[in-house]
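K.L.:
Need coordinates for the following:
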Amino acid sequence: MHFKYLIVFIALCLTNSLLAQTRFLNNLKSGKHQTIVVYGTSLSASPEGWPSMLEKEIDNRYPSLIKVENMAKGAMWSTWGVQNLDERVLSKNPDLVLIEFAINDAYLPYKTSPKACRINLEYMIDRIQDQNPKCDVVIQIMNMPTGIHFHEHRPDFETYNTVYRQVAKKRKLLLIDHTTYWKPILEKGLPEYLKLVPDGIHPAETAWRTLVTPYILKSLKIE
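P.N.:
Here you go, the predicted model:
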C-alpha cells in the first residue's frame, strides 16, 4: 500500500474507533439522556461493582442524564449472552453497550472454542447495531485469572482475549483492554496482584474504585 494511502487508512480507523467516545460524550454534553447496558460475567455483575461506580461518576459530571443497566450475570459466557440478548440488552434500548465474555469463554468446562467465541461476539454486535445503528458497542477485556482460575480452568485465556482484540480492530470498535494496567501489577509478583484480586479472578472493591472505573471513564473520554 502506498504510504500516503496507508496514512489515510490509519486515520480512518482511528476516527471510527473514537466514534463511541465522541458520540456518547457529545450526547451527554448536549443534555441527552443516555443508557448504558453492561453485559458480561461476574467481573461486571456485582451490584456494588464498577458499573454502579461508573453510573455515579458520570452522574456527578452530567446529573440526571445517565442510566446504567447492569445486565451481566456471574458464571455466564457468550452462548448465554446470545441466548439472552433480546431480554437483557435490546429491550433496554441502549445508547452504549459494554460487552465482556472472553474470560468465561475460556473456561474449559463450557467447551467454547475461539471460533465460537468470535461468532457469538460478532452476532451480538450485529444484533445491537441492527436495532440501532447509533448504539455504540464497546468491547472489554478484563483482568487476568491466576492460580486455579488460570492453570486448571482457563489455561488458554489469552487466546480468547486475542479474539476480542481482533474483532474490535476488524469492526473498528472501541476496545477497553484492562490488562494494560493489570499486567504491570502482576509483573511485580503474585502477592501484589492478590492484594487487589484476592481470589485470583475477582477484583476487590478498591480495585473497582481506583483502577477499573477510572480506566473506563478515561477510555470514554469522560474526565
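K.L.:
Please enumerate the helices of the chain.
P.N.:
3-17, 19-29, 42-45, 50-61, 78-83, 85-88, 102-105, 114-131, 148-151, 157-171, 179-187, 190-196, 205-207, 213-219 (DSSP state H).
K.L.:
hey, which of those helices is tucked in deepest?
P.N.:
helix 102-105 (a mean of 28; mean count of other CB atoms under 10 Å). Where C-beta positions appear, they are placed from N, C-alpha and C, glycine not excepted.
K.L.:
how much space is there between the residue positioned nearest the centre of the chain and L194?
P.N.:
For the chain, the residue sitting closest to the mean C-alpha position, by CA atoms, centre = their mean, is Q140 at 2.2 Å. Separation of Q140 from L194 (CB to CB, to the nearest Å): 22 Å.
K.L.:
Least confident secondary structure element in the protein?
P.N.:
One helix or strand of the chain scores below all others by mean pLDDT, DSSP states H and E: helix 3-17, with a mean of 45.
K.L.:
Might you report the residue contacts of I201?
P.N.:
Counting by CB atoms under 8 Å, 6 or more residues apart in numbering, I201 touches 43, 103, 143, 145-146, 149.
K.L.:
If we use 10 Å, what do you get?
P.N.:
With contact taken as CB atoms under 10 Å, 6 or more residues apart in numbering, I201 is in contact with 41-43, 103, 142-150, 153-154.
K.L.:
rewinding a little: so what's the residue nearest to the centre of the chain closest to, chain neighbours aside?
P.N.:
Nearest residue to Q140 in three dimensions, chain neighbours excluded: E100, at 3.9 Å (CB to CB, 6 or more residues apart in numbering).
K.L.:
Fine, thanks again, bye for now.
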